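In: Compute the structure for the input listed below.
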Amino acid sequence: MFSLLCLACLVGITVGDKAPNVVFIIADDLGWNDVSYHGSDLKSPVLDKLASEGLRLERHYTQPECSTTRASLLTSRYIVRTGLQADVILNGGGMALPLNETLMSDYLKQLGYSNYLIGKWHQGASSWKETPLFRGFDYFYGYLGGQIHYFGHYHTKFGGHDFRRNYRDENGDFKEEILKKESGQYLTKLLTDEAIRVVEEHDQSKPMFLYFSVPNVHAPSQTPDYYGEKYLNGLDHVTDYDRKELVLNLGGLEESVYNLTEALRKSNMWENTLVIFISDNGGTPVDGPMSFSGSSNYPLRSGKNTLFEGALRTPAFVYGPLVDHLKGQESDGTFHVSDWFPTLRSIIQAKTNKTVQIVNEIDGVDQSDMILNNGASVRKEILHQLHLGDQAYRMGDYKIIVGNPGKYDGYREHKDKPEIKIKFDEPEDLFGRIKCILGLCGTLADYIIDPTDGAKVRLYNVITDPSETYNLAAKKPELVREMRAKLAKFQEIVMPAQFNGKISAAHHKHSGGIWMPWKDDMEGVEITQKIITKTEL
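Out: Residues are numbered from 1 along each chain as shown. Below you'll find the predicted structure:
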């Protein structure tokens, strides 16, 4: 480990400086091979430029899907500590990030930050106490659930309006505006314009934390009509319909990131601002239920909602004056999404000599040397998943998957890239080899059976074999035993899993077609709601 004094010397930070403004941009379902700086067949000039002017984090890991990544980011803890390991949070299902968790936003508020959440929350909304303004944020403009229609602003699967503004008035009373007058307008532009307004109107006597959770490129792709001419020009080689749709959705992301970062650059806050860009998980699987997203994680295996690298390893970079000296550099150090708050806490302490006491035991580690100096990673392991028999754990260069890695597998094919095939050469994999000969290599056949308990086991060196083509479990039985023993030890921290239920009282039909918290647990707190419609314009 390094000292904060040494850190300050290396990066030119002076103790007594103002705390840095932190802008988190979280893309939704952006695949590894959806950005052109990873050799994609698509164009992402804005992300390419920003990544080239900052530090690219080439081994940045998240959780397999959206709500769990956000939970791990906000708590700095492995998801098994929160009980969210079994399922994604659904509207009206009753799951939520537990209220006894202290969040990044809570800690930053203690350090004097003004906290803004623009976009997707997706951490539960059964009770008002589970919503952003009761979880450390000062302002919320967006949607509480996992997705809404880009123009209609209703949940694309379950229906029900879910677009709102939450704030507190000059007396500290909670106010909610249900935003219906914006119906028909492009969601991404609305959110971006609001984020820009926040930047322009922020009280600069306090540091700013802007958590901007943009909906793109989450399927289905819904974009303005003129995007086809604007973003498909020069991409005649992209012939797959779904991939073309992703081009348009990626265009919306690019436009949003460009406009927000330009507003930041023009603000008086820019010289003391750190921009962090990540995707919440990999692109959706090739053969999955949302394969129509057109996303690609090539050469990584599979995608969202699995335990393969295509779900867990995502595009990420840091950008801004605080990392100008790292322009054009890449980090190959392992970084987990839970590391962000301890890393920011260290940077804030180095600049201000102020810190905050961590309440709950955290799993994130301080990676400030990596972020500010492109130093080595201090992370030695990652617990990706531990739910019943389905488990995944990274130790050093190796990742073990026990049980079911997900329902979907494979690699998106690209005409200009080599075909990737799973390798089978072990006697235990005879059935798998037969399937491979038949052209079915990407069908979850590459496991061995652990004779001690009959579990399906996969072991990959994800450094030398990032595509996870070669199961090493039969060759390294001692390593398998060691890593499975580690997984058994982690059982001590696992909280009982939450599951979505069918809760009649939660349905939007009981609240005028609007998704609302339904638990009556806010005694003594006044909630004022106003529905803003076109008729009021």
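In: pretty sure residue 346 contacts residue 366?
Out: Yes - contact status for residue 346 versus residue 366: in contact at 4.7 Å, counting by C-beta atoms under 8 Å. Glycine gets a C-beta too; all of them are placed from N, C-alpha and C.
In: so what's in contact with those two at the same time?
Out: Taking C-beta atoms under 8 Å, 6 or more residues apart in numbering as the criterion, residue 346 and residue 366 do not both touch any residue.
In: Assumed residue 298 was part of a strand.
Out: No - using DSSP: H, G, I helix; E, B strand; the rest coil, the assignment for residue 298 is coil, not a strand.
In: for the spatially closest residue to residue 43 that is not a sequence neighbour, what are its contacts?
Out: Excluding the flanking residues, the one nearest residue 43 by C-beta to C-beta, 6 or more residues apart in numbering is residue 36, at 5.5 Å. Residues near residue 36 by C-beta under 8 Å, 6+ apart: 42, 43, 44, 45, 47, 48.
In: between those residues, which is nearest residue 66?
Out: residue 47 (19.2 Å; C-beta to C-beta).
In: Going along the chain, name the helices of this structure.
Out: 4-11, 45-52, 66-75, 104-110, 187-201, 227-231, 241-266, 309-312, 340-352, 368-373, 430-437, 477-490 (DSSP state H).
In: In CSV: those helices, plus mean pLDDT, distance to residue 533 and mean neighbour count.
Out: Formatted as CSV, those follow (pLDDT from 0 to 100; distance: least, C-beta to C-beta, whole Å; neighbours: other C-beta atoms under 10 Å):
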stretch, mean pLDDT, distance to residue 533, mean neighbour count
helix 4-11, 46, 50, 16
helix 45-52, 98, 35, 18
helix 66-75, 98, 30, 26
helix 104-110, 98, 31, 20
helix 187-201, 98, 16, 19
helix 227-231, 93, 28, 15
helix 241-266, 95, 26, 21
helix 309-312, 97, 40, 31
helix 340-352, 96, 39, 22
helix 368-373, 98, 45, 23
helix 430-437, 62, 57, 15
helix 477-490, 98, 50, 15
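In: so which of these comes closest to residue 423?
Out: The nearest among the helices of the chain, by C-beta to C-beta, is helix 430-437 at 8.1 Å.
In: Return the distance of the residue nearest to residue 74 when sequence neighbours are not counted relative to residue 75.
Out: Excluding its sequence neighbours, the residue lying closest to residue 74 (C-beta to C-beta, 6+ apart) is residue 103, at 4.4 Å. As for residue 103, its distance to residue 75 is 6 Å (criterion: C-beta to C-beta, to the nearest Å).
In: same deal with residue 282?
Out: Taking C-beta to C-beta, one finds residue 282 at 21 Å from residue 75.
In: low-scoring stretches of the chain, by residue?
Out: 1-16, 285-292, 425-444, 522-525, 534-537 (pLDDT under 70).
In: switch the cut-off to 90
Out: Applying pLDDT under 90 to the chain picks out residues 1-17, 219-221, 234, 239-242, 284-294, 406-446, 502, 519-537.
In: thinking again about what came up before, need the contact list for the residue nearest to residue 74.
Out: Per C-beta under 8 Å, 6+ apart, neighbours of residue 103: 74, 75, 97, 135, 136.
In: Am I right that residue 347 is in contact with residue 371?
Out: Yes - the criterion here is C-beta under 8 Å, and residue 347 meets it with residue 371 at 7.3 Å.
In: which ones are touching the residue lying closest to residue 411 once chain neighbours are set aside?
Out: Using C-beta to C-beta, 6+ apart and skipping the chain neighbours, the partner closest in space to residue 411 is residue 420 (4.7 Å). Counting by C-beta under 8 Å, 6+ apart, residue 420 touches 298, 299, 301, 411, 467, 469.
In: 7 Å instead?
Out: By C-beta atoms under 7 Å, 6 or more residues apart in numbering, the contact set of residue 420 is 299, 411, 467, 469.
In: distance of the third one from residue 232?
Out: Taken as C-beta to C-beta, the spacing of residue 467 relative to residue 232 amounts to 29 Å.
In: In terms of neighbours, single out the busier of those two.
Out: Remark: of residue 467 and residue 232, residue 467 carries more neighbours, 20 against 15, as counted by other C-beta atoms under 10 Å.
In: just how off-centre is stretch 313-332 within its chain?
Out: 17 Å (C-alpha atoms, centre = their mean, to the nearest Å).
In: Contacts made by that stretch with the rest, please.
Out: By C-beta under 7 Å, 6+ apart, stretch 313-332 touches 20, 30, 32, 35, 38, 50-62, 270-271, 273-279, 281-282, 300, 370-372, 374.
In: What is the end-to-end distance of it?
Out: 12 Å (C-alpha to C-alpha, to the nearest Å).
In: Can you report how many residues neighbour the closest residue to residue 495 other than its chain neighbours?
Out: Spatial nearest neighbour of residue 495, excluding adjacent residues (C-beta to C-beta, 6+ apart): residue 83 at 4.2 Å. Other residues within reach of residue 83, judged by other C-beta under 10 Å, total 18.
In: List the contacts of residue 83.
Out: Contacts of residue 83 (C-beta under 7 Å, 6+ apart): 98, 495, 496, 497, 498.
In: hmm, 10 Å instead?
Out: By C-beta atoms under 10 Å, 6 or more residues apart in numbering, the contact list for residue 83 reads 71, 95, 96, 97, 98, 494, 495, 496, 497, 498, 499.
In: Would you check how far apart residue 204 and residue 193 are?
Out: Residue 204 is 20 Å from residue 193, by C-beta to C-beta.
In: And for residue 154?
Out: 20 Å.
In: center of this structure - which residue?
Out: The residue lying closest to the centre of the chain (C-alpha atoms, centre = their mean) is residue 280, at 1.8 Å.
In: That residue contacts residue 29, correct?
Out: Yes - at 7.1 Å, residue 280 counts as touching residue 29 under the criterion of C-beta atoms under 10 Å.
In: does the residue nearest to residue 530 when sequence neighbours are not counted have beta-bridge partners, and which?
Out: Nearest in space to residue 530, with sequence neighbours left out and distances taken as C-beta to C-beta, 6+ apart, is residue 177 at 5.2 Å. Counting by DSSP bridges, residue 177 is bridged to residue 165, residue 530.
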